[in-house]
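Asker: Pasting the sequence and the predicted coordinates here, then a few questions.
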Amino acid sequence: MHNSDDFEEFEDDLPKSKTQVKEEMHQLQALGKQLTELNAAKLAEVPMDAVLSEAIATMHRIKSREARRRQLQYIGKLMRKADVEAIEAVLEKHKEQDHLHLRFDRMAEEWRERFLTQGKEAQSAFFDAYPGADHQQVRTLIREANKEIANKKAPTNQRKLFRYLRDFFMQES
């Protein structure tokens with residue numbers, strides 16, 4: 001009688017099927033593609049060797065679609081030697097940061113809209129929720145943004161208000 005432990009040990013001894021090898025190759029290629037989509041600052045944080053780094057830099061210079069496809073395959077091949085877990089950890093960290101920045105952008109946009117539509121009520125609610133905010137600066141930015149709207153001018157101060165709020169939320173977290 002065979003138990004499941006014996007079967008798992010036997011399964012580990014078998015060579016990988018062609019399908020499994022292809023699937024792993026495609027996963028590494030997809031991970032390499034994610035690396036090519038990072039900006040220079042984020043890419044600098046990724047632990048990789050010089051050959052992989054140069055391959056990614058080359059990918060950015062290539063214009064031809066077919067050449068880009070081949071370069072991506074080459075990057076996938078280089079990924080076999082890379083520390084995939086460390087790379088995935090850095091990519092996950094960047095993904096979480098991007099989600100956090102998006103959340104702060106949404107919060108800043110929502111508060112800016114409330115300030116410009118609801119007036120003093122929104123200001124009171126904001127200062128109750130966030131007592132650490134610079135009351136005078138927020139009121140000044142709101143006043144200037146409302147003047148822009150009334151005079152149908154470019155939204156310079158509305159943007160300043162948004163940036164102040166976004167930066168404030170980032171510092172608060």
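Answerer: Done, it's in. Residues are numbered from 1 along each chain as shown.
Asker: pLDDT value on the residue nearest the centre of the chain, please?
Answerer: Centroid-nearest residue in the chain, with CA atoms, centre = their mean: residue 98, separated by 3.2 Å. pLDDT for residue 98: 88.
Asker: what's the spacing between it and residue 104?
Answerer: In this view, residue 98 and residue 104 are 11 Å apart by CB to CB, to the nearest Å. From N, CA and C alone the C-beta is placed, and that goes for glycine too.
Asker: Residues touching the helix or strand hosting residue 68, excluding its own?
Answerer: Residue 68 belongs to helix 65-79 when assigned by DSSP states H and E. Helix 65-79 is touched from outside by 25-26, 28-29, 31-33, 35-36, 51-52, 55-56, 58-59, 62, 87, with contacts defined as CB atoms under 8 Å, 6 or more residues apart in numbering.
Asker: Now do the same for residue 48: helix, strand or coil?
Answerer: Here residue 48 is coil, with the state taken from DSSP: H, G, I helix; E, B strand; the rest coil.
Asker: What strand or helix carries the closest residue in space to it that isn't next to it in sequence?
Answerer: Leaving aside its sequence neighbours, residue 48 sits nearest to residue 82 (CB to CB, 6 or more residues apart in numbering; 5.7 Å). Using DSSP H and E, residue 82 sits within no helix or strand.
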